[in-house]
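S.K.: pasting the sequence and the predicted model now:
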Amino acid sequence: MALALLPLLRLEAYFLHVILIIFMWATLASSINIIAGFAGYVNFGHVAFFGIGAYTTAILMRDFRLSPFLMTPVAGLMAAVIGALVGYPALRLRGAYFVIATIGLAYIFETITFNLHWLTGGGVGISVPLPPYPMLVVKTLFYYAMLILMLVEILTIYWIANTKIGLFLHSIREDEDAAEASGVNTTKYKMLAFIVSTFFAGTAGGLYSYYMSYIDPPTVFTLAMTVTMLLMMVLGGKGTILGPIIGASILTLASEAITHFVVSELNIVLYGALLIVVILFLPQGILGILRQRFPRLRRILR
Amino acid sequence: MGITVESMLQAVISGFLLGGLYALMVFGLQIMYGVMKVINVAHTAYIILGGYLTYWIFELYGIDPFVSLAVTMPILFALGYITQMFALNPIVRAPMITSLLVMFGIGSIIEGVSTYLWTADYRSVAPRYAGTPLLTIGGLTFPTTRVAGFLGSILILAALHLFLVKTKLGKAIRAASQDIDAAQVMGVNVTRVYAFTCGIAIATAASAGAIVSMIFAIYPAMRGIFTGKLFCICALGGMGSIRGAFAAAMILGLAESLTGAIVTLQWSPIVAYLLLIITLLVKPSGLFGR
Amino acid sequence: MQAIIIVLVIAVAGLGIGTYYFATLPPPVVKEIRIGASLCLTGAYAESGLMYRQAYDMWVEDVNAKGGLLGRPVRIIVYDDKSDPTTSVSLYEKLITVDKVDLILSPYSSAIVFATSSVAEKYGYLFLNSGGTSLDIHTRGYKNIFMVFPGIAQVYSVGFFEFLDTLPSDKKPKTMAFICEDTLFPVQCIMDGAKVEAEKRGYKVVFTERYVKGTTDLSPLIAKIKASAADVLVGGGYFPDSVLIVKTCKELDYNPKAIWCPVGPSMPDFGGTLKKDAMYVWCGVHFHKASAYGKPFADKFNARWGREPSYHAAVGYAACEILERAIKETGTTDNKKLRDFVAKGEFKTVVGPLKWDERGVPAPAMVTIQWQMANGKLTDVVVWPEAAATHKPIYPMPTWKER
């Protein structure tokens, strides 16, 4: 509510930019949360679907001049379809094998994107035509677009968490064989989680390419992005609804602060150090800790 | 388009030599998974670091890369030991995602430090025998650095194999990998064994790095390229199986080289992933996996 | 322990919020003129990035020594984009919206210029493109970009082909191979430029392939080219790959009659890295240290930094010269007024006279160089066109074994 009114405060473009980026990461972190946090399948190639969405809108805009705002759900669908195709064989694997299989995913799509240069521009990338409105209007448009996307996703996750789907995913995460034995159709629910997660990742990607007005394969298919999403998820609290959003907010702000004050290679060192510190000392995430300390607030802190 | 018997044979030779190098690179990954069940996504970062150390020693003192292994391997052994003791041992019982993210963090730190120390410019080590063919039979060339790389890999792998089979520590490592609790009962100090294993794994990364710095040019962000390939090899060969890793490495080297020769260089990474996909669909545990 | 971590993390987040607060304050009332740019200080194109940096720095020193511009000191803020287009885009956004620079200078490489020029266009900033020669940069209908190079990517190799035209037909090469890095400039220079020139003249193209940026092993490619027995190898992208190409040719004992690479051989370090192996390699350049416009600049640069400038330093400096004159003559740092002034004008620069068509593209005036031993020193000399040449071209090149 407050968020929706923010742009009306005539703030600087940069401010809008950062908050909109927070929304994007919140969407991404939440999307990976569905498959990794709720279902326990850590998809290390998740960024591939972000990239697929990004390229979908970029190509549609370049060749057919179709407005990405309208095409974003199409990007999401594209990612979801490929997600289904990839997910079906991949989800049959467990543990380490699933991880290894998915690590390869981002690289596979990156290589395909490089090679199909008649479609994707290869290493040259795609320069998406600029929106024909003044800068502040554009930023505001994207702000609302990302905000809406994030809200839609939160509602979806809320729905999942509170219905039996959430319960089944939880059981799959805890002990898949037992769940299977109890009659849960694990394949169906795993696939559902996977497809929903890739849909949202793709949609976020679709908006991103238009916003940045330029993409190339290494940017949108980088493993580091998946790791960032996972970090945000863990920092906030995996398997929760609000967790990834908290994680995304903190981490994006921290990253902006670091870029402002430390402009050099130390950037990536700090990032790595942060990753290690969070993982080693805060595995339950902030929400997890808060829930422990304030049991009475559990109902709100989901 | 230039597909002759000669170019095919050259591709086979190159592929073979490359496969040996891949085997050396992947060895460390395999040990760490086999013994500690850790998927070390930072392994390639250590390899590049090893390459940089070799480069440094070569540029400062002019010492041949193979000779400087006597220094770089112990340094990286120590690094591996420390990594295990402080970063991985504390989370031994945690779920896999934990060690994955921790190692990714360490990889990022290594990359950042490398960029700071050596910048992102491409570096390569060029001893006098680099850039010249060792032998030329007919029109087929055997580049010296690659042959050296291949022989180096075989030597190190053989040495490690002997270590694991013949020495007491080696046997302790194998015991710990088979059954950690039984090993502990038998008096094996698992913490030390793990640290040692990690040390060995990273030491092999040093040797791989030295060879990589001679054959290719290195830069900090390069680890991404190798990570994908190495994991494909692991999947193809079966996680934790040394024999499988070796076979898979050779297969990948040959497949890449032949694809490069027949089709085009740009598609050769896809070969690795195709093999990965086929493996996962047909036999997920890999060629020699358990 | 956990409490400490949480406090730390929240503190960092607080820092982030604090940063916005400071970022959204108006800039301090300092009279300086702030100019921003991102350069490839690290990464694949770092070799050239440093040249630009030194050129920009040298210009700022000169200008400030003379009292600045419009009575105000000049300050250049340079960030490192690590040779990555997306990083560069966000850095320019930051320069314009957070650092609130008055003006911007160009980054390097067509790919990066292509991406960041959109940012400049969005915000209405004048963009003197001294970083990329691909025509594509200028065919999008943007109004604010002007190319500070006397020659687009597609014409780099024309000099070399004109030389080949002068050979008697039994000495001419018959077959050619073309390879390039898969990014904007190399593709336009080699595939849309050199290959097209070759086909126009009836040479047989026996091999064409692109390779991914960052590839450090080209032996499969060169092996195939060797098998195709191409007479001439044209290819590359930037500095590291040109070095790699020459090294690999030697390693595989492939002996074409000529090797032509863009960019790489124009840098003094090409000879420094390859030593004797650099001999006989060809390149097309916009600037040469021995030319009439270039010599004073080259001497000054050498005196300041202790090494010869490549054409990158020259065009970077030329862009600064243009900016300087525009600011002085319009009496303002307003981007729109500067842009209009530049569009109509003709400028004398260290790379020769420049003026632009409505796309921002100037008329071509490039020379071709070759690495040779001149006065006992290994260096690049101008061999074409004849009017500008100081040495005769050497063709064909001796085999590796013969040297």
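M.R.: On my side now, so go ahead. Residues are numbered from 1 along each chain as shown, chains lettered A, B, ... in the order given.

S.K.: alpha carbons only for contacts and neighbour counts from here, please
M.R.: Fine.

S.K.: got the residues of the stretch 101-250 of chain A near chain B?
M.R.: By the rule Cα under 8 Å from any Cα of the partner chain, the part of the stretch 101-250 of chain A lying against chain B is A:101, A:103-104, A:107-108, A:111-112, A:115, A:227, A:231.

S.K.: now, which of those sits nearest C:Val285?
M.R.: Each of those was checked against C:Val285 using Cα to Cα; the closest is A:Asn115, at 30.2 Å.

S.K.: returning to that earlier point: so can I have a markdown table of the residues of the stretch 101-250 of chain A next to chain B showing neighbour count, pLDDT and distance to C:Asp80?
M.R.: Output for those, formatted as a markdown table (neighbours: other Cα atoms under 10 Å in any protein chain shown; pLDDT from 0 to 100; distance: Cα to Cα, whole Å):
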| residue | neighbour count | pLDDT | distance to C:Asp80 |
| --- | --- | --- | --- |
| A:Ala101 | 26 | 79 | 35 |
| A:Ile103 | 24 | 82 | 29 |
| A:Gly104 | 25 | 78 | 30 |
| A:Tyr107 | 27 | 81 | 26 |
| A:Ile108 | 22 | 83 | 29 |
| A:Thr111 | 23 | 82 | 26 |
| A:Ile112 | 18 | 85 | 29 |
| A:Asn115 | 22 | 80 | 29 |
| A:Val227 | 22 | 88 | 24 |
| A:Leu231 | 26 | 89 | 26 |
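
S.K.: partners of whichever strand or helix holds C:Cys180 in the sheet?
M.R.: Using DSSP states H and E, the element containing C:Cys180 is strand C:175-181. Here strand C:175-181 is paired, per DSSP bridges, with strand C:204-211 (parallel), strand C:232-236 (parallel).

S.K.: now do the buried residues in stretch A:228-245.
M.R.: For stretch A:228-245, a neighbour-count test (16 or more other Cα atoms under 10 Å in any protein chain shown) marks A:228-245 as buried.

S.K.: what's in contact with it?
M.R.: A:25-30, A:32-34, A:36-38, A:154, A:157-158, A:161, A:246-248, A:251, A:275, A:278-279, A:282-288, A:301-302, B:101 (Cα atoms under 8 Å, 6 or more residues apart in numbering or on different chains).

S.K.: quick check: closest non-adjacent residue to A:Leu251.
M.R.: A:Met232 (6.7 Å; Cα to Cα, 6 or more residues apart in numbering or on different chains).

S.K.: which strand or helix spans the one you found?
M.R.: Using DSSP H and E, A:Met232 falls in helix A:223-236.

S.K.: check C:Gln372 too.
M.R.: In the assignment (DSSP H and E), C:Gln372 maps to strand C:367-374.

S.K.: other SSEs contacting that strand?
M.R.: helix C:158-165, strand C:282-285, strand C:377-384 (3 or more Cα pairs under 8 Å, 6 or more residues apart in numbering or on different chains; DSSP states H and E).

S.K.: mind checking which of these is nearest C:Asp102?
M.R.: Proximity to C:Asp102 (Cα to Cα) singles out strand C:282-285 among these, at 31.3 Å.

S.K.: distance from the chain centre to that closest one, please.
M.R.: Here strand C:282-285 is found 13 Å from its chain centre; the criterion is Cα atoms, centre = their mean, to the nearest Å.

S.K.: so what strands line up beside the strand holding C:Gln372?
M.R.: Here strand C:367-374 is paired, per DSSP bridges, with strand C:282-285 (antiparallel), strand C:377-384 (antiparallel).

S.K.: which outside residues touch it?
M.R.: The contact list for strand C:367-374, computed with Cα under 8 Å, 6+ apart, reads C:157, C:159-160, C:265-266, C:271, C:278-287, C:378-385, C:388, C:393.

S.K.: repeat the analysis, applying 6 Å as the threshold.
M.R.: For strand C:367-374, contacts defined as Cα atoms under 6 Å, 6 or more residues apart in numbering or on different chains pick out C:159, C:279-285, C:378-384.

S.K.: drop anything exposed from these.
M.R.: Among the contacts of strand C:367-374, those classed as buried by 16+ other Cα under 10 Å are C:159, C:279-285, C:378-384.

S.K.: pull the most distant pair out of those.
M.R.: Largest separation among the buried ones among the contacts of strand C:367-374 by Cα to Cα: C:Gly159 and C:Leu378, giving 21.7 Å.

S.K.: so what's the residue count around A:Thr56?
M.R.: Around A:Thr56 sit 27 other residues, with neighbours defined as other Cα atoms under 10 Å in any protein chain shown.

S.K.: just checking, what packs against the helix or strand containing it?
M.R.: Following DSSP H and E, one finds A:Thr56 within helix A:47-64. Judged by 3 or more Cα pairs under 6 Å, 6 or more residues apart in numbering or on different chains; DSSP states H and E, helix A:47-64 is in contact with helix A:68-90, helix A:186-212.

S.K.: show me what the helix or strand that the longest one is followed by is in contact with.
M.R.: So the one you mean is helix A:186-212. Per DSSP H and E, the first helix or strand lying C-terminal to helix A:186-212 is strand A:214-215. If you take Cα under 6 Å, 6+ apart as the criterion, strand A:214-215 is touched by A:125-128, C:115.

S.K.: quick one, strands of chain B?
M.R.: With DSSP state E, the ranges of strands along chain B come out as B:133-137, B:140-143.

S.K.: where among those is the average confidence lowest?
M.R.: Looking over the strands of chain B, mean pLDDT reaches its minimum on strand B:133-137, with a mean of 70.

S.K.: thinking again about what came up before, of all the strands paired with strand C:367-374, which one is nearest C:Cys189?
M.R.: Nearest to C:Cys189 among those is strand C:282-285 (10.4 Å), distances taken as Cα to Cα.

S.K.: buried ones in the longest helix anywhere in chain B, by neighbour count?
M.R.: Longest helix of chain B, by residue count under DSSP state H: helix B:5-36. Across helix B:5-36, burial judged by 16+ other Cα under 10 Å covers B:6-8, B:10-36.

S.K.: mean confidence (pLDDT) on that helix, please.
M.R.: Averaging pLDDT along helix B:5-36 yields 85.

S.K.: what's the answer for stretch C:46-60, then?
M.R.: Per-residue pLDDT over stretch C:46-60 has a mean of 90.

S.K.: chain center to that stretch, what's the gap?
M.R.: Put simply, stretch C:46-60 sits 11 Å off its chain's centre (Cα atoms, centre = their mean).

S.K.: check which residues of that stretch are buried.
M.R.: Going by neighbour count (16+ other Cα under 10 Å), the buried part of stretch C:46-60 is C:46-60.

S.K.: residues in contact with it?
M.R.: By Cα under 6 Å, 6+ apart, the surrounding residues in contact with stretch C:46-60 are C:39-41, C:313, C:316-317.

S.K.: make it 8 Å
M.R.: Residues from elsewhere that reach stretch C:46-60, judged by Cα under 8 Å, 6+ apart: B:120-121, C:39-42, C:74-76, C:78, C:82-83, C:108, C:239, C:267, C:301, C:304-305, C:309-310, C:312-314, C:316-317, C:320.

S.K.: ditto for stretch C:164-181
M.R.: Contacts of stretch C:164-181 (Cα under 8 Å, 6+ apart): C:186-187, C:190-191, C:195, C:198, C:203-213, C:225, C:229-237, C:257.

S.K.: quick revisit: from the buried residues of stretch C:46-60, which land in helices?
M.R.: Here DSSP H is the test, and these give C:46-60 as lying in helices.

S.K.: for the stretch 101-250 of chain A, what lies in contact range of chain C?
M.R.: Contact residues (Cα under 8 Å from any Cα) of the stretch 101-250 of chain A with chain C: A:114, A:122-125, A:127, A:130, A:134-135, A:212-215, A:219, A:250.

S.K.: filter the contacts of stretch C:46-60 down to the ones in helices?
M.R.: Mapping the contacts of stretch C:46-60 onto helices (DSSP H) picks out C:239, C:301, C:304-305, C:312-314, C:316-317, C:320.

S.K.: filter those to the buried ones?
M.R.: Looks like the ones in helices among the contacts of stretch C:46-60 have C:239, C:301, C:312-314, C:316-317, C:320 buried, using 16+ other Cα under 10 Å.

S.K.: what score does A:Leu11 have for pLDDT?
M.R.: A:Leu11 is assigned 64 on the pLDDT scale.
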